[in-house]
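# This is a predicted model, with the sequence first.
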Amino acid sequence: MAEKKRRFKVGYALLPKKQNSFIRDSLVSLAKSTGIDLVKIDLEHPLADQEPFDCVLHKLYGDDWKRQLLEFRAENPNAVILDSPDAIERLHNRISMLQVVSELRIESRSDTFGIPKQIVIYDKETLFDRQAWELLKFPVIAKPLVADGSAKSHKMSLVFNHDGLNKLKPPIVLQEFVNHGGVIFKVYVVGEYVKCVKRKSLPDVPEEKLANLEGSLSFSQVSNLATHEKSDELYYKKMHLEDTELPPQSFMTDIAKGLRQALKLNLFNFDVIRDTRFGNRYLIIDINYFPGYAKMPDYETVLTNFFLDIANRIDGEVVESLDEGNCEEKADSDAS
Ligand SMILES: Nc1ncnc2c1ncn2[C@@H]1O[C@H](COP(=O)(O)OP(=O)(O)OP(=O)(O)O)[C@@H](O)[C@H]1O
Ligand SMILES: O=P(O)(O)O[C@H]1[C@H](OP(=O)(O)O)[C@@H](OP(=O)(O)O)[C@@H](O)[C@@H](O)[C@@H]1OP(=O)(O)O
Ligand SMILES: [Mg+2]
Ligand SMILES: [Mg+2]
């Protein structure tokens with residue numbers, strides 16, 4: 001008689017907004033059908049006191065949570081934590097987040113990659129110091145240095161000239177705004193799976209218009225706005241998302257693999273723009289831990305296969321994979 005396969009328990013600890021968007025019935029039931037149980041972690045009780053999980057999936061911060069994860073790891077050395085709090089923390093600072101890009105060594109005959117020129121400003125004095133500015137040219141984007149998921153950490157300004165600097169509140173990163181045709185590429189990574197999608201971005205700022213623009217323009221989470229919210233002044237231009245070609249899939253996959261290894265993270269996405277001055281130069285501008293996977297096509301299959309991979313790595317005979325074809329690294333065009 002065939003031995004009954006053991007079920008694999010994935011505990012999740014997410015903020016309510018994330019839980020609502022990510023833990024959908026469609027994901028829970030698909031996972032269940034393959035032997036994976038997604039179970040909510042009870043945050044009212046210590047993690048170590050709860051029935052053990054094979055895997056902990058989380059996007060929570062703070063010292064207490066970190067301590068609980070350390071305790072859990074000590075008591076359950078075979079369990080998998082997605083991902084390690086120390087690895088995630090590197091993404092909470094917009095300088096350390098992108099430093100990793102310069103460590104990557106990726107060969108391509110036709111394409112290049114990097115990050116936009118940027119400086120970090122800790123105080124108002126340096127903001128107006130001409131020397132600090134030698135490297136940068138207007139327009140620039142001012143981003144809060146901290147990227148901890150708070151609403152404040154997403155509040156940005158597009159600054160067109162020196163007048164626009166007055167409103168900024170250091171610590172900030174000033175990053176050169178690069179014209180990119182108003183389309184951003186979001187590259188979602190789930191372990192070895194890589195999926196690139198297109199989203200609307202800020203429109204280009206033509207050089208001849210720069211002199212006539214007011215000091216600055218504030219915005220927040222542009223690429224995450226619903227379509228009906230995109231009619232304000234940031235969207236005065238008609239975008240042609242469908243006409244925009246995706247970056248080469250193999251190039252994005254190589255970058256994703258490099259980032260995954262360097263960051264020691266399984267679950268993240270990175271934002272890429274294509275510099276219109278060159279056409280084959282890609283700039284990474286942002287990396288996010290555990291992004292909005294439900295916006296990714298067929299996310300239930302991708303995530304279920306990822307959990308299955310982990311289950312099989314821990315215990316070779318737990319469950320069989322879903323249809324192989326579902327988890328290929330593919331790059332069909334699908335603007336969400
Ligand atoms: N250097 C740049 N040049 C041109 N546009 C940029 C640049 N940096 C950011 N943007 C635009 O501003 C948006 C927000 O920037 P960024 O992605 O860094 O912020 P975020 O709040 O961390 O975003 P997310 O919601 O993806 O976490 C980008 O999606 C892109 O449209
Ligand atoms: O839900 P969360 O709070 O995790 O929000 C994340 C959001 O996902 P959501 O769309 O599910 O809201 C992500 O969107 P996409 O890149 O996938 O478009 C991105 O904006 C992250 O930066 C956000 O994480 P944060 O930087 O705020 O920690
Ligand atoms: Mg972004
Ligand atoms: Mg971000």
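Happy to help now that I have it. Ligands and ions are numbered 1, 2, ... in the order given.
# Quick check: residues of the stretch 151-300 of the chain near ligand 4?
Within reach of ligand 4 by CB under 5 Å from the ion, the stretch 151-300 of the chain has these residues: Asp286, Asn288. (Each C-beta comes from the backbone N, C-alpha and C, glycine too.)
# same thing but at 8 Å, please
Ser153, His154, Asp271, Asp286, Ile287, Asn288 (CB under 8 Å from the ion).
# In ChimeraX, select just the buried ones from those.
Entered in ChimeraX, the line below selects the buried ones among these, by 16 or more other CB atoms under 10 Å:
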select :153,271,286,287,288
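# So which of the residues of the stretch 151-300 of the chain next to ligand 4 sit within strands?
Secondary structure defined by DSSP state E assigns Asp271, Asp286, Ile287, Asn288 of those to strands.
# which one of the residues of the stretch 151-300 of the chain next to ligand 4 sits closest to ligand 2?
Using CB to the nearest ligand atom, Asn288 comes nearest to ligand 2 of those, at 3.7 Å.
# so what's that closest one scoring on pLDDT?
At Asn288 the predicted local confidence, pLDDT, stands at 98.
# Nearest spatial neighbour of it, chain-adjacent residues omitted?
In this structure, Asn288 finds its nearest non-sequential neighbour in Asn269, 5.4 Å apart by CB to CB, 6 or more residues apart in numbering.
# Tell me the secondary structure of that neighbour, please.
At Asn269 the chain is in strand, as set by DSSP: H, G, I helix; E, B strand; the rest coil.
# Relative to ligand 1, how far out is it?
To ligand 1, Asn269 is 8 Å away according to CB to the nearest ligand atom, to the nearest Å.
# ok, that residue - how many residues close by?
26 (other CB atoms under 10 Å).
# doesn't Lys295 make contact with it?
No: using CB atoms under 8 Å, Asn269 is not in contact with Lys295, being 9.8 Å away.
# so what's Asn280 up against?
By CB atoms under 8 Å, 6 or more residues apart in numbering, the residues touching Asn280 are Ser110, Asp111, Thr112, Arg274.
# List buried residues within those residues.
Asp111, Arg274.
# Tell me which of the contacts of Asn280 fall in strands.
Thr112, Arg274.
# Can I get the contacts of Asn280 in TSV including pLDDT?
TSV is the format used below for the contacts of Asn280 (pLDDT from 0 to 100):
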residue	pLDDT
Ser110	94
Asp111	97
Thr112	97
Arg274	98
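# give me the low-pLDDT residue ranges for the stretch 201-336 of the chain?
225-239, 315-336 (pLDDT under 70).
# could you pull out the helices for it?
Using DSSP state H, counting those that start in this stretch, the helices of the stretch 201-336 of the chain run over 207-210, 249-263, 299-314.
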